[in-house]
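**Q** Task: produce atomic coordinates for the following.
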Amino acid sequence: HDFSLAENSPCLAENNEFEVNMGAIGIGCEAIFLEPVVTIPEEYLQEIGPGDYGILMEEDGMALITVLVEGHGVELLEISSGSENDSLGTEVLDLGDGTYSLQITPNPDWFGTAEVFVAVMNEVGVDTSRAWVLVEGVNDAPVIADIADQVTDEDTLLRILLSITDVDNEYIDFYVRDDM
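**A** Below is the predicted model of the structure:
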C-alpha cells in the first residue's frame, strides 16, 4: 500500500521530510460505486391542485417526459416504469444516447389522477422517482348508433329507437327533423 502524502500536505517540511506537527492524511482509494439516481425534472411538474404538483395532460393524449438517470459509473441493469392505475400506461424509451423518456398514455376516454414511477437498478442498488399525473377530461362528442335501412308503407308511421351514448355521461339534448 502506498500512503504517500500530497505535495501540499501540512505534514511535509520544505525539504519533503516529515514534520512533527501532523495534519490530515489523505489516503487514495479505488473508485466508489454508488446506487443509481433517477429524477423526473421539476420543469415537467405543474400545479394540479392546491399545493400539489404533478404532470398535467389531456384525456386521449400522450405525455413524453425526459427523465434524468445517473448510473455513477456502473452499468444500468434495468430501467422500468409503471402506474398504480391500470388505466394509465407507461413505457420507458431508451433514446440511445444515455438519455431516457417516460411515455405516459391514458386508456381511451379515461381521466383522473394516478401516480407513475420510474425505477433504475444497477449492481449496487435501486432508485425510484414518482410523480402524480392529472389527466383532464375533454368533452367528447356524443355518438349515435347506426340506423339500419328502414322500409314502411306510405302514410304509415315508422318508429325508430335512437341509441345515443356520451362517454362523459353528460345530459344529451337532441331532436329529430323529418324534412328530408
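**Q** Quick check on the nearest residue to Val176 once chain neighbours are set aside: phi, psi?
**A** Nearest non-adjacent residue to Val176, counting by CB to CB, 6 or more residues apart in numbering: Leu162, 7.5 Å away. Bear in mind the C-beta positions are built from the backbone N, C-alpha and C, glycine included. The phi/psi pair for Leu162 (degrees, to the nearest 10) reads phi -90, psi 140.
**Q** which residues does the residue nearest the centre of the chain bridge with?
**A** Central residue of the chain (CA atoms, centre = their mean): Leu102, 4.8 Å from the mean position. Note on Leu102: beta-bridge partners by DSSP bridges are Ile65, Val92.
**Q** Would you agree it is in contact with Leu95?
**A** No. Judged on CB atoms under 8 Å, Leu102 makes no contact with Leu95 at a distance of 11.4 Å.
**Q** Pull up the pairing partners for the helix-or-strand element of the chain with minimal mean pLDDT, direction included.
**A** For the chain, using mean pLDDT, DSSP states H and E, the weakest element among its helices and strands is strand 164-165, scoring a mean of 82. Strand 164-165 sits in its sheet next to strand 143-144 (antiparallel), going by DSSP bridges.
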